[in-house]
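>>> Starting from these lines, generate the structure:
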Amino acid sequence: MFAYSSFAAVPGHVFHVTQVHDGANLSIRVKSFAGIPLKIERVTLIGINAPDLRHGPFRILAKKQLKKMIGENGWIVNVEYDTQQRDQQGRLLAYLWNRKGELINGKLLEAGYVVFNTSRPNLKYADRLIAAQKKAQSARAGVWKNSSN
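Numbering: from 1, shown residues only. From the prediction side, this is the model:
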């Protein structure tokens, strides 16, 4: 297990991930007492959208890749919010950082597991995320494998 201090160079707050729902949604434990979760929050990753059923296996692959990235990080992530902290359904909106200081949202885009999707006011890393998707498109990675983009 790694120390929380390994996140020192990354903005945000450190949380334990309890579940990965799909390639763009997970749950974190925000409060606990003696290791017993008291409050779990659902989080939607800003700037990305997991493939839907028409993309076939990519929906499953996106979830597996996010789960793998979270697992490699000891199920601990640094959560950074943008201007709007919650969506209309009450879910937290966030950027996730791993202990290496890498933006997980961007890594998923770069590998072609998800597609870019964001709107105002949450545009803090929009340019970075667009660049990650363009890299996936150029490499014809993931969902871009059979695309003409």
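>>> where do the helices sit along the chain?
58-72, 104-110, 126-139 (DSSP state H).
>>> avg pLDDT for the shortest one?
For helix 104-110, the mean pLDDT works out to 98.
>>> Repeat that for the longest one.
Per-residue pLDDT values across helix 58-72 average out to 94.
>>> got the buried residues for that helix?
Buried residues in helix 58-72, defined by neighbour count with 16 or more other CB atoms under 10 Å: 58, 59, 61, 62, 63, 65, 66, 67, 69, 70. (Glycine included, C-beta is placed from N, CA and C.)
>>> close enough to count as contact, the first one and residue 143?
Yes - the pair residue 58 / residue 143 is scored as a contact, 5.0 Å apart, by CB atoms under 8 Å.
>>> any common contacting residues for the two?
Taking CB atoms under 8 Å, 6 or more residues apart in numbering as the contact definition, residue 58 and residue 143 share the neighbouring residues 51, 113.
>>> what's the spacing between the closest residue to residue 50 other than its chain neighbours and residue 83?
Taking CB to CB, 6 or more residues apart in numbering as the measure, residue 50 lies nearest to residue 23, with 3.3 Å between them; neighbours along the chain are not counted. Going from residue 23 to residue 83 by CB to CB, to the nearest Å gives 23 Å.
>>> So for the two, which sits in the more crowded spot?
The neighbour comparison of residue 23 against residue 83 (other CB atoms under 10 Å) goes to residue 23, with 25 against 11.
>>> List the residues that contact that one.
Under the criterion of CB under 8 Å, 6+ apart, the contact partners of residue 23 comprise 48, 50, 51, 59, 61, 62, 63, 65, 66, 108, 113, 114.
>>> Nothing else from me, thank you.
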